[in-house]
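**Q** return a 3D structure for these sequence lines:
(one chain, ligands or ions: 1)
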Amino acid sequence: MPKEIRVGLVGYKFMGKAHSHAYRDVAMFFSSMKAVPVMKAICGRTEDEVAKAAKIYGWQSYETSWEKLIQRDDIDLVDISTPVNLHKDIAIAAAKAGKHILCEKPMAMNLDEAREMLEAAEKAGIKHMIGFNYRRVPAIALARKLIEEGALGRIYHFRATYLQDWIVDPNFPLVWRLRKEFAGSGALGDLGAHIIDLARFLVGEFERVTCATKTFIKERPEASYVTGLTARAGGKMGEVTVDDAAIAIAEFKNGALGSFEVTRLAPGRKNCQRIEINGSKGSIFFDLERLNELQFFSREDKDYEQGFRTILVTEESHPYLKAWWPSGHIIGWEHAMVHQIHDLLEDIAEDRMPTPNFVDGLKCQEVLEAMDRSSREGRWVRI
Ligand code: SOE
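**A** Reported below is the predicted structural model:
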């Protein structure tokens, strides 16, 4: 019989829903797991909303205080799917209570907080993971395999953009993601964290960075209602205290060069995360809005046959796909979250430290902080 891991989730909006879905689905598809989740309790401040979420998402109970949730002795794993300003306090309290932790990205409001979280987790000896879900998109996992096998040769370039447009209307209200006291930073931390993590996953560690950030729309109406990425504007105007966009250049320790662009002001670009990597032997290209595909160019193909080929990443031999549908029956954005939960539970069952964990979260935070400093001081910053 698989081990049962009893989960307490803090947060029930966009990420809370995505994680809930993953806990519900995972054991149905990955049918021989060594550990299965038990959806014990979900937590949020507004009682009628969290009670409704518990019912709809399939949680056995709900709490309105995360402190109470953490003190419960029927919870093994605390999932932190809240705005960034709450990550540290919840994570440290959960670690002290001996709970394993899954924490959404970016790990913390700043590097000092990330360090405190890692220290608490290491002291408690718990398992920890950061929700860099895109590592677990099968096409990205395949890209890593190709790179590890040497199919790209020596890596020269990592080129990433992560573009969205959900705040392009200047009347889109001042939601928590646009306020430094809740989010820590704007597009840089929210979107940049993902592509920084993918750069570390696919290419390696950063050596130094230079960056420019910009807030184009400096005031917005305060929010009267918010859910996920949709919101209604209230009357009063308030200050936007985070960046709308950031562009950075990086050098990696292995000598590769990287470029990074993130924005929430790119009309028509919805969740447009694109990664291209060029090496001495070939290139790969990934587009999140075409996440079942990986483009691969190999200089080792016959001259007259060379060209980017599009691999439809839905074969049993591809990472994670054996658990899903027959080949060609594509998967979606939420599947990477299911893979994340699968890997986390298997690691807990096997007593292994998951990846990406708080060390990876902290390394990402170092790069974010360096990019922010570079933008303020107008210079290259070493990691
Ligand atoms: C909003 O920008 C957002 O939901 C991010 O917070 C997520 O991390 C990203 O995966 C999709 O966009």
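
**Q** report how many residues lie close to Gly238.
**A** Neighbour count for Gly238, taken as other C-beta atoms under 10 Å: 15. The C-beta positions use only the backbone N, C-alpha and C, and glycine is treated the same way.

**Q** mind listing what it touches?
**A** Contacts of Gly238 were listed using C-beta atoms under 8 Å, 6 or more residues apart in numbering, and they are 174, 219-222.

**Q** list buried residues within the residues you listed.
**A** The neighbour-count criterion (16 or more other C-beta atoms under 10 Å) marks 174, 220-221 among these as buried.

**Q** before we move on, back to that, need the max-distance pair from the contacts of Gly238.
**A** Glu219 and Glu222 (10.1 Å; C-beta to C-beta).

**Q** who touches both of the two?
**A** By C-beta under 8 Å, 6+ apart, Glu219 and Glu222 have these common neighbours: 237-238.

**Q** show me what Ile275 is bridged to.
**A** Beta-bridge partners for Ile275, by DSSP bridges, are Ala160, Phe286.

**Q** now swap in Glu261 and tell me
**A** With DSSP bridges applied, Glu261 shows beta-bridge pairing to Thr161, Ile247.

**Q** quick one: which of the buried ones among the contacts of Gly238 is nearest Gln340?
**A** Nearest member of those to Gln340, counting by C-beta to C-beta, is Leu174, at 30.2 Å.

**Q** please, which helix or strand holds Trp102?
**A** That one is not Trp; residue 102 is Leu. Using DSSP states H and E, Leu102 sits in strand 100-103.

**Q** what does the stretch 201-350 of the chain have sitting close to the ligand?
**A** 229, 271 (C-beta under 6 Å from any ligand atom).

**Q** any weak-confidence spans in the stretch 201-350 of the chain?
**A** The stretch 201-350 of the chain contains no residues with pLDDT under 70.

**Q** where do the strands sit along it?
**A** With strands called from DSSP state E, counting those that start in this stretch, the stretch 201-350 of the chain shows them at 206-214, 219-227, 230-239, 245-252, 257-263, 272-279, 282-287, 293-298, 309-312.

**Q** any idea how far the fourth one is from the chain center?
**A** Spelled out, that is strand 245-252. In terms of C-alpha atoms, centre = their mean, to the nearest Å, the centre of strand 245-252 is found 18 Å from the chain centre.
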